[in-house]
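# This is a predicted model, with the sequence first.
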Amino acid sequence: MPRAENTTKYMKLRYVLGIAVLFSIQSAVIGQTKQQTENLVIVTLDGMRWQEVFGGVDEVLINDSVFTADRDGLKKMFWAATPEERREKLFPFLWKEILQKGQLYGNRKYGNKIDNANPYWFSYPGYNEIFTGYPDTGVNSNDKILDPNINVLEFINKQPAYKGRVAAFTTWDVFPYILNSKRSGIFVNADVDTLHFTASSLQLINDMQFLTSRPLGVRPDIFTYMAAREYLKTYKPRVLYIAFDETDDFAHEGHYEQYIASAHAEDGMIADLWKTIQSIPQYRGKTTLVITCDHGRGDKPKSNWRHHGSDIPDAQEIWLAVIGPDTKVLGEVKEQGQLYQKQIAATLAELLGLKFTAPHPVAEPIHTIYSK
Ligand SMILES: [Zn+2]
């Protein structure tokens, strides 16, 4: 082959490669900047049923004297003729703000389904699935065992822009193990972990959480919330996780009105959180809020509402709500479809423009949540 032709080919190749490199640099830059989400807030309501999220108070349970002591009082607050009116009374933030500006998945009335992929349908396997994207069958106990799997909060905390700016406030004291705070380096404040902060608001909450009674054997969710809110205002984390607990505990005890009261209060706390987020320049318009649960509960027979676990039919049925600058307005998603809890981890990373990778398999993200 003559030398000149070779050189021309080489030049052509260089030109093509140059364009390709330029193009890939450009798309990498676009890839990094296309997301408007700079901060992430995740909230979980432990064992909160999709039946109440989408239908409001249950007509049978609200009339059942075994589960509801003050039936008239509960009806006065939360009863209405249609599921749409009832759910708005119970979860006004979900059914006003998120309905109008975000997305809600899991209304099985329309065949829109989201389920646990793990086969256990209780807390630790559920939280492992949410945050690792991997329904590891080796994670099958609620005991205080360090989760061997890398979670997405840990992955985010490893990125230079987020290092030391990922925090979790939880009511349940197993979360330091679920999130493996020892290995992951995430700040986890669980149950009555002392709030060692100089901010006076956090010192006050610390005094209160040690002086309050503990009707459920853990700190009341309001202290978890207030500690998280004041930490957000003072220390400005880029990723914040809040894990509530009361709904599951009251359900196990068979107190339907308390289960409902806690669900309603937690919706109010989430509304307050969103208002707080919009009042701070670092967060306003740049924060995505993701709300979900670890597992469902039974419904057939109705008394199964108290229980969950693999022996309770349908306790794998969950729900998911999202609002933020990269989440297009779909409101209540009525399309038939099947999502899984394991898809949440990669979705959280995508919202920040990151691809979650780990030594274990990671399920596909939910595209409709992070791409406008
Ligand atoms: Zn439970």
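Sure, I can see it.
# In the stretch 151-300 of the chain, what residue lies closest to the ion?
Closest approach between the stretch 151-300 of the chain and the ion, counting by Cβ to the ion: Asp248, at 4.2 Å. For glycine as for every other residue, the C-beta is placed from the backbone atoms N, C-alpha and C.
# what helix or strand is that residue on?
helix 246-253 (DSSP states H and E).
# same check, this time on Met208
Assigned by DSSP H and E, Met208 falls in helix 200-211.
# surely the residue of the stretch 151-300 of the chain closest to the ion meets Ser123?
Yes. In this structure, Asp248 is within contact of Ser123 by Cβ atoms under 8 Å, at 7.2 Å.
# list residues touching both of those two?
Listed contacts common to Asp248 and Ser123 are Asp46, Gly47; contacts here mean Cβ atoms under 8 Å, 6 or more residues apart in numbering.
# Can you show me the strands along the stretch 101-250 of the chain?
103-105, 112-115, 166-170, 187-190, 239-244 (DSSP state E, counting those that start in this stretch).
# Could you export these as JSON lines, including mean neighbour count?
Listed next are the strands of the stretch 101-250 of the chain as JSON lines, based on neighbours: other Cβ atoms under 10 Å:
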{"stretch": "strand 103-105", "mean neighbour count": "23"}
{"stretch": "strand 112-115", "mean neighbour count": "22"}
{"stretch": "strand 166-170", "mean neighbour count": "26"}
{"stretch": "strand 187-190", "mean neighbour count": "22"}
{"stretch": "strand 239-244", "mean neighbour count": "26"}
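# can you list those strands in JSON lines and add mean pLDDT and distance to the ion?
Listed next are the strands of the stretch 101-250 of the chain as JSON lines, based on pLDDT from 0 to 100; distance: least, Cβ to the ion, whole Å:
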{"stretch": "strand 103-105", "mean pLDDT": "98", "distance to the ion": "22"}
{"stretch": "strand 112-115", "mean pLDDT": "98", "distance to the ion": "17"}
{"stretch": "strand 166-170", "mean pLDDT": "98", "distance to the ion": "15"}
{"stretch": "strand 187-190", "mean pLDDT": "97", "distance to the ion": "17"}
{"stretch": "strand 239-244", "mean pLDDT": "98", "distance to the ion": "13"}
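# so which of the ones you listed comes closest to Asn304?
Closest of these to Asn304 is strand 112-115, at 16.8 Å (criterion: Cβ to Cβ).
# now stretch 148-160: how far from the chain's centre is it?
16 Å (Cα atoms, centre = their mean, to the nearest Å).
# then the helix or strand encompassing Thr44 to PDB, C-alphas only?
Per DSSP H and E, Thr44 falls inside strand 39-45. Extracted in PDB, the C-alpha atoms of strand 39-45 (Å, rounded to 0.1, in the frame of the first residue of the first chain):
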ATOM      1  CA  ASN A  39     -30.300  17.100  46.500                       C
ATOM      2  CA  LEU A  40     -32.300  14.100  47.400                       C
ATOM      3  CA  VAL A  41     -34.700  13.500  50.200                       C
ATOM      4  CA  ILE A  42     -36.100  10.000  50.800                       C
ATOM      5  CA  VAL A  43     -38.900   9.200  53.300                       C
ATOM      6  CA  THR A  44     -40.300   5.800  54.200                       C
ATOM      7  CA  LEU A  45     -43.500   4.900  56.100                       C
END
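# Looking at the strands of the stretch 101-250 of the chain, which is nearest to Gln336?
In terms of Cβ to Cβ, the element of the strands of the stretch 101-250 of the chain nearest to Gln336 is strand 112-115, at 6.5 Å.
# Which elements pack onto that closest one?
strand 337-340 (3 or more Cβ pairs under 8 Å, 6 or more residues apart in numbering; DSSP states H and E).
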